[in-house]
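S.K.: have a look at this prediction, sequence included:
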Amino acid sequence: MSSLLYFRPRPSAFRHFSRRLVLPALSAYLGTQGRWNFLVTQQQYPKRREPIFNVPLIVIATVLVLVLVHAVRVFALSDEQDLQFILAFAFIPARYGAELAASGAFPGGFGADLWTFFTYAFLHADTMHLGLNLAWFLPFGTALARRFGAWRYVVFLLVTAAIGALAHLVTHLGATDPMIGASAAISGAMAAALRFVFREGGPLSVFRRESGELYRMPATPLRETLRDPRFLLFLGVWLGLNALFGLGTLSFGEEAGQTLAWQAHVGGFFAGLLLFNAFDPATPQAERQTEPAPRSD
């Protein structure tokens, strides 16, 4: 019968033994001190693994709410119930006309006159409409949420959605067609993101800083943004596509009787561009430069 005696030295004694005897012997055996140092460094500081889905929780929550609302309409409501749901929560310009408002043609009353400026953004015509909006929303909403934080992000999207609805109301007075979709709020998030993503050292810069600082850099001043060729190219393409849809050159959901509310998109976009500073928590660059230097005594 044989036995094995396992002795485990104390950590302090083991480190002392390793530094004085083991490491020099292994370094001599490997032939180079630098190689051993590299191996030790790799063991002490392992490479951090990046998550597969790097999206803020508030953005994930927004996506889930939009998907849930659409799922309830598709699977839980009848056609008649869905129609009443649309009339109560979609944005309908005719609701604000004197004759129809007095007759009570739309459900919800005065409350709906207020909440539909926001609730229309939670509704979508079909799965394709929802999917396209989510595809645009995820990158720009993620950038916005990382910079603004949760509550600023939520308020900003609601405000840009309301301004998009106002732009649609001004250009469609008396229209009875309901407007639905989150495109106006997404356009606002897109415009806001363009104020800082191209900044040197920012998320889309060639020379980027560490990930924790990417979304906290001072935003580009509005005048500089409006002169940036990348912004102008993006704006030109985006406005051109909206104009083509608005003029009927391109169609969107024509078989289902859908048209693009491009005026709401434009309203939400310029609202996001102009209101960015009011929500931005990052300290402006001018204020940082004027901060007094710490005293040495």
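M.R.: Perfect, thanks for sending it.

S.K.: could you give me the buried positions within the helix or strand containing Ala71?
M.R.: Using DSSP states H and E, the element containing Ala71 is helix 57-75. Within helix 57-75, the residues that count as buried by 16 or more other CB atoms under 10 Å are 58-59, 62-63, 66, 69-70. Where C-beta positions appear, they are placed from N, C-alpha and C, glycine not excepted.

S.K.: so what touches it?
M.R.: 82, 85, 122-124, 127, 130, 133-134, 137-138, 141-142, 145, 150, 153-154, 157, 182 (CB atoms under 8 Å, 6 or more residues apart in numbering).

S.K.: now the buried members of those.
M.R.: Looks like those have 85, 122-124, 130, 133-134, 137-138, 141-142, 145, 153, 157, 182 buried, using 16+ other CB under 10 Å.

S.K.: which of those fall in strands?
M.R.: Judged by DSSP state E, the subset of these located in strands is empty.

S.K.: ok, and the closest non-adjacent residue to Phe89?
M.R.: Thr119 (4.2 Å; CB to CB, 6 or more residues apart in numbering).

S.K.: wait, that neighbour touches Leu87, no?
M.R.: No - the pair Thr119 and Leu87 fails to qualify as a contact (CB atoms under 8 Å) at a distance of 11.6 Å.

S.K.: follow-up on the earlier one: could you identify the most distant pair in the buried ones among the contacts of helix 57-75?
M.R.: Phe85 and Thr142 (29.4 Å; CB to CB).

S.K.: just for the stretch 1-150 of the chain, where's the confidence low?
M.R.: For the stretch 1-150 of the chain, the stretches with pLDDT under 70 are 1-53, 98-104.

S.K.: mind running it again at 50?
M.R.: Filtered on pLDDT under 50, the stretch 1-150 of the chain yields the residue ranges 1-11, 13-14, 17-18, 22-23, 26, 29-30, 32-46, 48-52.

S.K.: quick one: the helices in it?
M.R.: Under the criterion DSSP state H, counting those that start in this stretch, the stretch 1-150 of the chain contains helices at 11-17, 23-30, 33-44, 57-75, 79-89, 98-103, 109-119, 127-148, 150-171.

S.K.: need phi/psi at Trp262.
M.R.: phi -70, psi -30 (degrees, to the nearest 10).

S.K.: which other helices and strands contact the helix or strand harbouring Gly240?
M.R.: Following DSSP H and E, one finds Gly240 within helix 229-247. Judged by 3 or more CB pairs under 8 Å, 6 or more residues apart in numbering; DSSP states H and E, helix 229-247 is in contact with helix 262-279.

S.K.: now Pro281, what's its secondary structure?
M.R.: Per DSSP: H, G, I helix; E, B strand; the rest coil, the secondary structure class of Pro281 is coil.

S.K.: pretty sure it sits against Gly149.
M.R.: Yes - between Pro281 and Gly149 there is a contact at 6.5 Å, judged by CB under 8 Å.

S.K.: contact partners for Leu130?
M.R.: Counted by CB under 8 Å, 6+ apart, Leu130 has contacts 66-67, 70, 124.

S.K.: measure it to Ala71 for me?
M.R.: 10 Å (CB to CB, to the nearest Å).

S.K.: was I right about Leu222 contacting Leu273?
M.R.: Yes - the pair Leu222 / Leu273 is scored as a contact, 7.4 Å apart, by CB under 8 Å.

S.K.: so those two - more neighbours on which side?
M.R.: In this view Leu222 and Leu273 are compared by other CB atoms under 10 Å, and Leu273 has more residues nearby, 22 against 13.
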